[in-house]
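Asks: structure, please.
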Amino acid sequence: MPEGPTEAPLEFDVVVVGAGGAGLAAALTAAGHGCSVALLERAAEVGGTTARSVGSITAACTRLQARAGVVDSIDDHFDDMARFAGAKVDRDNLELRRLFVKHAAETIAFLEDLGVIFFGPMPEPPHRVPRMHNVLPNSRALTRLLLKRARQRRVRVFVDAPVSGLCREDDRVTGVMATIDGQRRRLTARLGVILSTGDFSGDAAFRRGHLAPELWAIDAANPNSSGEVLRLALELGAEVVNGDLVWGPEIRFIAPQHRNLVDRLPPSPLFARLVLWSLSHLSDAILRPFLMMFVTTNLAPNLELLRQGAILVNLEGRSFVTADDEPALTMAAQPGKIAYFLLDARLAELFSAWPNYISTAPGLAYAYFADYRRNRDDITFSAHSIEALAGKIGLDARNLADTLHRHNRAAPPGRLIERPPFHALGPAKPWLMFTEGGLRIDTSLRVLDSEGRPIPGLFAAGSAGQGGLILEGHGHHLGWAFTSGRLAAESVVGR
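Replies: Residues are numbered from 1 along each chain as shown. The predicted model follows:
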């Protein structure tokens, strides 16, 4: 790559780096104020971690709450977030928490006005009232619809466009250096640059610098969360807050290798309205198989499976988890970082009704064994002998039989795996879902240096600008992404 730009600079009012939820919200908001906007994404398509999410946004005092008769308050949401934070509450940025809860309902309205359809609000204790709003039909609706709206507002969207430098004049950030169509280009930003590049879970050097050693080798759920632009901000004096905190490792079933019906469904407002109508008018017997296609795509298995007697086996057919282990960390040390859950007829029956579910999708449904057998035949295997089951999943039959024998010899009554048919769920793998460390910012979303002074012209949103905010509980990360993206753009344009 050439060291300097090969063509004349591209000139904009605002440059947004990272096209996930935060970046799309920032670009749309700035363009809505009449600004010329460039939106840069290092990956081949927009969406970031937002497109991989369940699609829940938690907010108080929304229109959907009012329609449902839910009485809520910003203060109650603020206090309930502390309950989710638990032992981490002393590390929370209270100013940013207050900023988030104050503006989250505006974010829901902003998205609804763009055509996003929500179902809810749904409960999630310890929230004292239902606050979770779930996008329909899935999270891809958020990113695809917002991308469409951004292009309608003439936002220039560049994909496969990694940023390699931040440009400054007189200590003010005035643009970025990026690779566009294979050429190194300078993009100037008259008003400011907004960093919305996500977390740093996909960057090995960042992980080694901030996370515990046992997490270094675990793969990131979003490998494009590279942290490279955060590093550029650090070179200007910025700093990362709460860099040692991480969501994970979390065991997830590996997603289907081929596009299924859910992937082919149009994430359009019209289709979302059809799904919303169905949720209110169709019987559970008709609706449930359809909904389960959404909730069994790439979700975390309930570790109650292990407490009830299921066995985790590696690719050699051997058990590797003891009662004192953390399964996700132990799995990361196994061949291929892959494992299968071994069950029998007793466990399949047990995990067929509440409270024993295989996995859950926030606010929508619990998925039981029959749901996985119906909708995920790529990861659900059954046979009437343990040897036949081993053949179906490609494990060593002798090792698997020996593992089962050892388990049954040591297991207490009621925890044996002995009733055919035998079942395997997998492959499953541990992931770092995302890191919680973000650049230190103020309530105007300006990036601060180590002395607490704003770096002129530089703003951050989403995970890149989490600033010490603790976002435990479903719907808070996505809520912060869109809310902070909007607010960052408002600050840049001076509104």
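
Asks: going forward, measure contacts between C-alpha atoms and count neighbours the same way
Replies: Noted.

Asks: what average pLDDT does stretch 29-48 get?
Replies: Mean pLDDT, computed over stretch 29-48, is 96.

Asks: got the contact list for that stretch?
Replies: By C-alpha atoms under 8 Å, 6 or more residues apart in numbering, the residues outside stretch 29-48 that reach it are 12-21, 23-24, 27, 140, 143-144, 147, 150, 153-163, 198, 222, 224-225, 486, 489-490, 492-493.

Asks: pLDDT weak spots in the stretch 101-250 of the chain?
Replies: Across the stretch 101-250 of the chain, nothing is flagged by pLDDT under 70.

Asks: which residue ranges of it form helices?
Replies: 140-152, 204-210, 228-235 (DSSP state H, counting those that start in this stretch).

Asks: next, the buried residues of the last one.
Replies: Which is helix 228-235. E228, V229, L230, R231, A233 (16 or more other C-alpha atoms under 10 Å).

Asks: and those as JSON lines, adding distance to P355?
Replies: JSON lines is the format used below for those (distance: C-alpha to C-alpha, whole Å):
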{"residue": "E228", "distance to P355": "43"}
{"residue": "V229", "distance to P355": "44"}
{"residue": "L230", "distance to P355": "42"}
{"residue": "R231", "distance to P355": "45"}
{"residue": "A233", "distance to P355": "47"}
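
Asks: outline the domain layout of the chain.
Replies: Using automatic domain parsing, the domains assigned to the chain come out as 10-247+434-493, 251-431.

Asks: closest to R376 out of the helices of the stretch 101-250 of the chain?
Replies: helix 140-152 (20.1 Å; C-alpha to C-alpha).

Asks: distance from the chain centre to that closest one, please.
Replies: 18 Å (C-alpha atoms, centre = their mean, to the nearest Å).

Asks: so V15 touches T188, yeah?
Replies: Yes - V15 is in contact with T188 according to C-alpha atoms under 8 Å; the separation is 7.5 Å.

Asks: which one of those two has more residues nearby?
Replies: Per other C-alpha atoms under 10 Å, whichever of V15 and T188 has more neighbours is V15, with 30 against 24.

Asks: phi first, then psi, for the more buried one.
Replies: phi -120, psi 120 (degrees, to the nearest 10).

Asks: state the pLDDT value of it.
Replies: 98.

Asks: the one 3 residues further on too?
Replies: At G18, the pLDDT value in this model is 96.

Asks: for PyMOL, what selects the buried ones among the contacts of stretch 29-48?
Replies: A single PyMOL command suffices to select whichever of the contacts of stretch 29-48 are buried according to 16+ other C-alpha under 10 Å:
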select buried, resi 12+13+14+15+16+17+18+19+20+21+23+24+27+140+143+144+147+150+153+154+155+157+158+159+160+161+162+163+198+222+224+225+486+489+490+492+493
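
Asks: now intersect the contacts of stretch 29-48 with the strands, please.
Replies: F12, D13, V14, V15, V16, V17, R156, V157, F158, V163 (DSSP state E).

Asks: measure the second one to G175 for me?
Replies: The reference is to D13. D13 sits 10 Å away from G175, going by C-alpha to C-alpha, to the nearest Å.

Asks: cool, the fourth one as well?
Replies: Counting by C-alpha to C-alpha, the separation of V15 from G175 is 7 Å.

Asks: same question, the third one
Replies: From V14 over to G175 the distance is 9 Å, taken as C-alpha to C-alpha.

Asks: find residues that contact each of the two.
Replies: A189, R190, G192, V193.

Asks: so what's the third one up against?
Replies: Contacts of G192 were listed using C-alpha under 8 Å, 6+ apart, and they are D13, V14, V15, V173, T174, G175, G457, L458, F459, V492.

Asks: same thing but at 10 Å, please
Replies: Residues counted as contacts of G192 (C-alpha atoms under 10 Å, 6 or more residues apart in numbering) are 12-16, 172-175, 446, 456-459, 488-489, 491-493.

Asks: rewinding a little: how about the ones in strands among the contacts of stretch 29-48, which pair is most distant?
Replies: It's D13 and V163 that sit farthest apart of these, by C-alpha to C-alpha, at 17.4 Å.

Asks: need the contact list for the most centrally placed residue in the chain.
Replies: Geometric centre of the chain, nearest residue: S53, 4.1 Å, by C-alpha atoms, centre = their mean. By C-alpha under 10 Å, 6+ apart, S53 lies in contact with G47, N138, S139, R140, N298, M433, G475, H477, L478.

Asks: ok, it to P269 distance?
Replies: For S53, the distance to P269 - C-alpha to C-alpha - is 18 Å.

Asks: any low-confidence regions in the stretch 301-450 of the chain?
Replies: 323, 361-365.

Asks: so where do the strands sit in it?
Replies: In the stretch 301-450 of the chain, the strands defined using DSSP state E, counting those that start in this stretch lie at 311-313, 339-343, 359-361, 365-367, 380-383, 422-431, 434-435, 438-439, 446-448.

Asks: the stretch 51-200 of the chain now?
Replies: 56-58, 117-122, 132-136, 156-158, 163-169, 172-180, 183-195.

Asks: quick check: which of those strands is nearest to A348?
Replies: strand 117-122 (28.3 Å).

Asks: just the angle between that closest one and helix 140-152, please?
Replies: 140 degrees (axes from the mean of the first three to the mean of the last three C-alpha atoms, to 10 degrees).

Asks: which strands or helices does strand 117-122 pack on?
Replies: strand 56-58, helix 63-67, helix 94-114, strand 132-136, helix 269-281 (3 or more C-alpha pairs under 10 Å, 6 or more residues apart in numbering; DSSP states H and E).

Asks: buried deepest among these, which one?
Replies: Stretch with highest mean neighbour count among these: strand 56-58 (a mean of 27; mean count of other C-alpha atoms under 10 Å).

Asks: chain center to it: distance?
Replies: 12 Å.

Asks: now do that strand: everything it contacts.
Replies: Strand 56-58 has contacts (C-alpha under 10 Å, 6+ apart) with 50, 77, 101, 104-105, 107-108, 118-124, 127, 130-136, 138-139, 361-363, 473-482.

Asks: let's see that with 7 Å instead.
Replies: With contacts defined as C-alpha atoms under 7 Å, 6 or more residues apart in numbering, strand 56-58 is touched by R131, M132, H133, N134, V135, H474, G475, H476, L478, G479.

Asks: ok, of those residues, which one's closest to E418?
Replies: H474 (37.3 Å).

Asks: quick check: the residue located most distally from the centre of the chain vs L416, distance?
Replies: Most distant from the centre of the chain: R409, at 40.6 Å, with distances by C-alpha atoms, centre = their mean. Applying C-alpha to C-alpha, the value for R409 to L416 is 8 Å.

Asks: A204 now?
Replies: Distance of A204 to L416, computed by C-alpha to C-alpha: 41 Å.

Asks: look at the two and report which has more neighbours.
Replies: L416 (21 against 16).

Asks: which residues touch stretch 451-458?
Replies: Against stretch 451-458 from outside (C-alpha under 7 Å, 6+ apart): R172, V173, T174, L191, G192, V193, I194, R446, V447, L448, D449.

Asks: off-centre distance for that stretch?
Replies: Worked out by C-alpha atoms, centre = their mean, stretch 451-458 lies 28 Å from the chain centre.

Asks: buried residues in that stretch?
Replies: P454, I455, P456, G457, L458.

Asks: which one of those is nearest to R373?
Replies: Distances from R373 to the buried residues of stretch 451-458, taken as C-alpha to C-alpha, are shortest for L458 (49.8 Å).

Asks: that'll do, ta.
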